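S.K.: coordinates for the following, if possible.
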Amino acid sequence: MFPSAPPLSPRQRAIVWTCALAGGLLRLIYVLVLHLPTQHVYSDMGGYVQRALDRVAGKPEGIADSLYPPGASWLFAQLHALDPNSGLTVIVQWLLSLGTMALVFVIARRLCGNRAAVLALVAVTLYLPLFHYAGLFLAENPFTFCLLAADALLIAAQKAPTPAGTLLLAAATGLMAGLAASLKATILLPVALTGIVTIVWLLKQKRRGTLTLSFGVALGLATVLLPLSERCTRLAEGQFCLVSTNTGMNALMGHYGERGPFQWVDASRNITFSFQSPSATLRGYTAGANFSFGAYDVPANVAVLEREIADHPFDALRLSLRNVADLVVGGTLWPAAVYGGRDWGAAYQIAFWILLLPAASVWLLRRLPRMLRVREDTLADW
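M.R.: Below you'll find the model as predicted:
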């Protein structure tokens, strides 16, 4: 299904070892010297740290704890319990960042061959966001690792020589995807789309193992998602949620005009949350929005969202698309990567626009016609 790559050439091996050593050293210097996570505890990072400390202290969770997926704060809590000085947390973040490099290389080599894998490894070695988030108490770094691990396991499951191997690797795929969801629930839609494309391709090509693969992934996902859903629904006081309750507030911020910051005040519980989208910072929005219900109140957020879309359908769609685009092509990173008085995130975004985005767009446009025909050799492209 996916051809095996030939051995690396001596030159390619030299590049791989250079990237591994240079990438590891660069990330270690970044997380230990240039951007120590303990010196950047603000905004969302403060929330993750506080939830981790509350868990270590045995504080019971409340409805406000349903707002974020629990995976990152649980991970940080376990590491903090072992090392209250956060040294272990920093080292684990560093190792996960190295794991991201390795997984990108493995996936690219399996799907596209040695040349693409080496180029991809060089890109991820140097690309700032993929080690900047290791220097922060956020979910992005472990999430990226789990997401890529799920992709690598899915590829391996489709190459397994026996049904038992397919089932085992498929279950591991679902388990890693579930762990990714426990860190950031945004993984769930890509998981669904990836599953649909894979199943359609397997059925169209009359490949064996479709049912085994599907069952294994579903089993692995359910192992994580069922307890996550039980926890979130209980914390949300019976209002069903799969992983977290921030879906409504995020959708509302994405469609509700050129505004920021947004503030949710739950007077009955004396809980206030304030957030703003990355677009608000990039574009300098100053008009705030205030709501008299909790950020975790999904039905209330959705009701306001529906009214906004009904009253301003074209503006809501335009803002939604622009806000999503800003996450990819915005002029800087969030949180900002400032060192020596310079915004290095802005510099890396320019490199992304010039070097990576055009090449990726050309690649996609060239392959899209055959991908849409679901030809036999297109699963790697998908």
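S.K.: and Leu26, how many residues sit next to it?
M.R.: Residues lying near Leu26 (other Cβ atoms under 10 Å) number 17. The C-beta positions use only the backbone N, C-alpha and C, and glycine is treated the same way.
S.K.: offset the numbering so it begins at 879, please.
M.R.: OK, 879 is where the count begins now, so the last one is Leu904.
S.K.: can you list the strands that the least confident helix or strand in the chain by mean pLDDT pairs with?
M.R.: Lowest by mean pLDDT, DSSP states H and E among the helices and strands of the chain is strand 1216-1217, with a mean of 84. Here strand 1216-1217 has these sheet partners by DSSP bridges: strand 1220-1221 (antiparallel).
S.K.: still on that earlier bit, what's the least confident helix or strand of the chain in contact with?
M.R.: Residues outside strand 1216-1217 that contact it (Cβ atoms under 8 Å, 6 or more residues apart in numbering): 912-913, 1222-1223.
S.K.: give me that answer again for 7 Å
M.R.: By Cβ atoms under 7 Å, 6 or more residues apart in numbering, the residues outside strand 1216-1217 that reach it are Leu912.
S.K.: now that strand, how far from the centre of its chain.
M.R.: Remark: strand 1216-1217 is offset 23 Å from the chain centroid, using Cα atoms, centre = their mean, to the nearest Å.
S.K.: same deal with stretch 979-992?
M.R.: 19 Å.
S.K.: buried residues in stretch 1065-1074?
M.R.: Neighbour-count burial for stretch 1065-1074, counted by 16 or more other Cβ atoms under 10 Å, picks out 1065-1066, 1069, 1072-1073.
S.K.: select from those residues every entry located in helices.
M.R.: When the buried residues of stretch 1065-1074 are checked against helices (DSSP state H), the matches are 1066, 1069, 1072-1073.
S.K.: Val1143: what secondary structure?
M.R.: For Val1143, the secondary-structure state derived from DSSP: H, G, I helix; E, B strand; the rest coil is strand.
S.K.: isn't it up against Ser1152?
M.R.: No. Judged on Cβ atoms under 7 Å, Val1143 makes no contact with Ser1152 at a distance of 9.3 Å.
S.K.: and those two? which has more neighbours close in?
M.R.: Remark: of Val1143 and Ser1152, Val1143 carries more neighbours, 17 against 14, as counted by other Cβ under 10 Å.
S.K.: show me what contacts that one?
M.R.: Val1143 makes contact with 1150, 1168, 1170, according to Cβ under 7 Å, 6+ apart.
S.K.: quick check: beta-bridge partners of the closest residue to the last one other than its chain neighbours?
M.R.: Closest residue in space to Ser1170, ignoring its immediate chain neighbours: Val1143 at 5.8 Å, by Cβ to Cβ, 6 or more residues apart in numbering. In this structure, Val1143 has beta-bridge partners Thr1150, where bridges are defined by DSSP bridges.
S.K.: what does the pLDDT read for Val1143?
M.R.: Here, the pLDDT recorded for Val1143 equals 98.
S.K.: then Ala986?
M.R.: Listed pLDDT for Ala986 reads 95.
S.K.: what number of residues lie near it?
M.R.: 21.
S.K.: next: Tyr1163.
M.R.: Other residues near Tyr1163 come to 17 when the count uses other Cβ under 10 Å.
S.K.: verify the stated contact: it with Gly1138.
M.R.: Yes. Contact criterion Cβ under 7 Å: Tyr1163 and Gly1138 qualify, at 4.0 Å.
S.K.: on that earlier part again, of the contacts of Val1143 - the most surrounded one?
M.R.: In these, the most neighbours by other Cβ under 10 Å go to Thr1150, 14 neighbours.
S.K.: any idea how far that one is from Ser1170?
M.R.: Per Cβ to Cβ, to the nearest Å, Thr1150 is found 11 Å from Ser1170.
S.K.: same check on Ala1059?
M.R.: Per Cβ to Cβ, Ala1059 is found 31 Å from Ser1170.
S.K.: check Gly977 too.
M.R.: As judged by Cβ to Cβ, Gly977 and Ser1170 stand 44 Å apart.
S.K.: one more: Thr1164?
M.R.: Thr1164 is 21 Å from Ser1170, by Cβ to Cβ.
S.K.: within the helices and strands, which one has Trp952?
M.R.: Here Trp952, judged by DSSP states H and E, is contained in helix 949-960.
S.K.: just give the nearest non-adjacent residue to Val1078, would you?
M.R.: Excluding the flanking residues, the one nearest Val1078 by Cβ to Cβ, 6+ apart is Val1252, at 6.5 Å.
S.K.: okay, now the one you found: neighbour count?
M.R.: By other Cβ under 10 Å, the residues close to Val1252 number 15.
S.K.: now, which of the buried residues of stretch 1065-1074 sits nearest Thr1088?
M.R.: Nearest to Thr1088 out of the buried residues of stretch 1065-1074 is Gly1073 (Cβ to Cβ; 10.9 Å).
S.K.: list the buried residues for the helix or strand Ala1028 falls within?
M.R.: Secondary structure here is read from DSSP H and E; on that basis Ala1028 sits in helix 1018-1037. Across helix 1018-1037, burial judged by 16+ other Cβ under 10 Å covers 1018-1036.
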